[in-house]
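Novice: Whatever this is, show me its structure:
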Amino acid sequence: MSEQLPLFDNEVEISITIDEAAERAKVSSATIKNWIKTNYLHQIGEGLIAKSSFDDFLQNIAGSEKLNSRANKSQKDSHNHVVLVEDLLSEIKHGAYGLDNIGNRYETSLSNSYRNMEGVYYTPQEIVKDLLKDYKEIDKSNLTFCDPGCGSGNFIMGALEIGFKPENIYGFDIDPVAVEITKARIKEKTGFSGNNIVNKDFLKQITGVTYKYDFIFTNPPWGKKLDKKEKDYYGRIFNAGNSLDTSALFFFASMKCLNDNGIIGLLLPESFFNISVFENARKKSLQYNILRFRDYGKSFEGLVTKAQAFVLKNLKKPNDKVLCETEETSFYRKQSTFTNNPKSIFNFYSSNSDSEVIDHIFSIDHLSLKDNAKWGLGIVTGNNARFCISELKSGYMPVYKGSDITKNDLKAPTTFIPKDTTLYQQVAPVEYYEANEKLIYKFISSKLCFYCDKEQRYILNSANMVIINKSFPISGSQVAQLLSSEFMNWIFSQIFNTHKILRGDIESLPIHHGFFSEYEIFTEENYLEYLNLTRSENGAYRML
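Specialist: Here you go, the predicted model:
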């Protein structure tokens, strides 16, 4: 791969497991692991690979290099979509099966390649019921409901269940079979047969026509493949800034269609709530009255990412009581506590007392590494099996991996590569590796672990490096102590809650440089004393 996305944080990454990748590619898990070792696939956690690298590999490498002929099979749909359409439409017409059964059969028949291309992950019934449960008792006789990506109609059937009239329910989807299934389900349940459910692209449809609805609930396409021109076009039309993933574009488009005081609920990938590319979408939503956040965990087979939802009201007034729900907890927070977060991150799993601590530490005088450092990638060899050996020999040099990094030292090197850096696929400027002082850190991790290297060591691409500007008021060793501290790790987990150490996240962390003016030696106790905090026996931090 030509770029390490976790360092620069410029694209949404959805993870899939090694076993899932093996199943899709029709190869063994060992083969997938070998493709990881040779840098064809990008590993972003234990047992996890970036879905984007997998898709790119199958499309651009497996076919052209013919590394494994079986891998090419995964590029094709596991069914003939035209035949499937004809069969299911015939079943719908003749009532051969119950419609809910047909809907389930259709969903499960969609191939992985089709799901990946279109970003299709149908919403489980229990999630639909939970998101709509607060609206059972209101008078819906004159209210409209829309699902902009209705699929086979789960949200629409949920709207009927809680009392929306069928003639007031609307839906869009680009899949003609899904649309026909939805229409047939409505007719079977209510007898209504109208033209409110249409086989049209919602994003294209509303650019020229203004629709208005009272309720919009949807599970939009996640990471649907659009070309750059399309993304840029929709980004301009909907004023989406850099939030150009299809799930974000559906949010902006839906807001354009929502009546005053209307309600919108979206089921989204976890990345929407904490990754930089969704910052514009989060800031947009914070202009309105957010009612609820909900974490549904890993709800979709084959996807490691969690499914999370938020519900807001089209009212430009921040909410003092936003309901925050996870699978274990439920509590209320003020909407302003999210506005104050770096990049307006929706860390709704953090309690009120935790958010007070976060606000407090950002109120203390601090600097950040943004615009105060240079950032570099570890060496991407392009073929580890070819270049990496386990014993040092003439013409080779030691190279350190992310797993070699600890807070206080580096483990003895176990990997060696040729000294000629022109051999490799991607190498940072040599002067970065040979800087008098640099921070190196593992980026596939849920924990911050920085080491200050003063011996000009080289690193592989499971580690990254930071060269702090000479004008920065504290040393690299001191920055490493702060960033690797238990308290900073707590802050990192409370705000970002990720298994990747992204450059943008590190740049958002507060560097309390004034600490070293008051304390000669860094200890956790001294640091907490400086911040006017205490730590309880259960590990929680609180203000004194």
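Novice: what residues are up against Phe293?
Specialist: Residues in contact with Phe293, defined by C-beta atoms under 8 Å, 6 or more residues apart in numbering, are 273, 308-310, 322-325, 346, 348. C-betas here are computed from N, CA, C, even on glycine.
Novice: And for Thr421?
Specialist: So Thr421 contacts 379, 427, 430 (C-beta under 8 Å, 6+ apart).
Novice: The first one is in contact with Ile459, isn't it?
Specialist: Yes: with contact defined as C-beta atoms under 8 Å, Ile379 and Ile459 form a contacting pair (6.9 Å).
Novice: residues contacting Ser29?
Specialist: Ser29 sits next to 18-19, 22 when contact means C-beta under 8 Å, 6+ apart.
Novice: ok, 10 Å please
Specialist: Neighbouring residues of Ser29 by C-beta atoms under 10 Å, 6 or more residues apart in numbering: 17-23, 47.
Novice: Where does the prediction get shaky in this structure?
Specialist: Applying pLDDT under 70 to the chain flags the ranges 1-15, 37-39, 44-46, 56, 59-122, 300-304.
Novice: for it, which strand is longest?
Specialist: Secondary structure assigned by DSSP state E gives strand 258-269 as the longest strand of the chain.
Novice: strand partners of that strand, parallel vs antiparallel please.
Specialist: Neighbouring strands of strand 258-269 in its sheet, by DSSP bridges, are strand 213-218 (parallel), strand 307-313 (antiparallel).
Novice: C-alpha coordinates for that strand, PDB please?
Specialist: C-alpha atoms of strand 258-269 as PDB (Å, rounded to 0.1, in the frame of the first residue of the first chain):
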ATOM      1  CA  LEU A 258     -36.300  17.600   7.600                       C
ATOM      2  CA  ASN A 259     -39.200  19.800   8.700                       C
ATOM      3  CA  ASP A 260     -38.800  22.300  11.500                       C
ATOM      4  CA  ASN A 261     -39.000  20.400  14.800                       C
ATOM      5  CA  GLY A 262     -38.700  17.200  12.800                       C
ATOM      6  CA  ILE A 263     -36.800  14.100  14.100                       C
ATOM      7  CA  ILE A 264     -34.000  12.300  12.400                       C
ATOM      8  CA  GLY A 265     -32.400   9.100  13.600                       C
ATOM      9  CA  LEU A 266     -29.400   7.400  11.800                       C
ATOM     10  CA  LEU A 267     -27.600   4.100  12.400                       C
ATOM     11  CA  LEU A 268     -24.000   4.700  11.500                       C
ATOM     12  CA  PRO A 269     -20.500   3.100  11.700                       C
END
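Novice: Please name every helix or strand in contact with whichever helix or strand comes after that strand.
Specialist: Counting by DSSP states H and E, the next helix or strand C-terminal to strand 258-269 is helix 271-274. In terms of contacts (3 or more C-beta pairs under 10 Å, 6 or more residues apart in numbering; DSSP states H and E), helix 271-274 is packed against helix 246-256, helix 279-285, strand 307-313.
Novice: List the buried residues of helix 271-274.
Specialist: Across helix 271-274, burial judged by 16 or more other C-beta atoms under 10 Å covers 271-274.
Novice: Identify all contacting residues around it.
Specialist: 11-15, 220, 222-223, 243, 245, 247-248, 251, 266, 277-278, 281-282, 285, 293, 295, 305-306, 308-310, 338, 341, 343, 345-349, 495-498, 502, 505.
Novice: go with 8 Å
Specialist: With contact meaning C-beta under 8 Å, 6+ apart, helix 271-274 is reached by 12-14, 245, 247-248, 277-278, 281-282, 293, 305, 308, 310, 345-348, 495-498.
Novice: swap in stretch 397-412?
Specialist: 378-379, 388, 392, 413-419, 440-445, 449-451, 453, 457-460, 462-463, 480, 484.
Novice: Likewise for stretch 373-389?
Specialist: Identification of contacts with stretch 373-389 by C-beta under 8 Å, 6+ apart yields 1, 4, 7, 34, 37-39, 396, 399, 402, 415-418, 421, 423-429, 432-433, 458-469, 472, 503.
Novice: What about those, which are in strands?
Specialist: Mapping the contacts of stretch 373-389 onto strands (DSSP E) picks out 396, 399, 415-418, 458-459, 463-468.
Novice: Would you convert these into JSON lines that also reports distance to Arg333?
Specialist: Converted to JSON lines, these look like this (distance: C-beta to C-beta, whole Å):
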{"residue": "Tyr396", "distance to Arg333": "54"}
{"residue": "Val399", "distance to Arg333": "45"}
{"residue": "Thr415", "distance to Arg333": "46"}
{"residue": "Phe416", "distance to Arg333": "51"}
{"residue": "Ile417", "distance to Arg333": "49"}
{"residue": "Pro418", "distance to Arg333": "54"}
{"residue": "Tyr458", "distance to Arg333": "45"}
{"residue": "Ile459", "distance to Arg333": "40"}
{"residue": "Ala463", "distance to Arg333": "36"}
{"residue": "Asn464", "distance to Arg333": "33"}
{"residue": "Met465", "distance to Arg333": "37"}
{"residue": "Val466", "distance to Arg333": "33"}
{"residue": "Ile467", "distance to Arg333": "38"}
{"residue": "Ile468", "distance to Arg333": "35"}
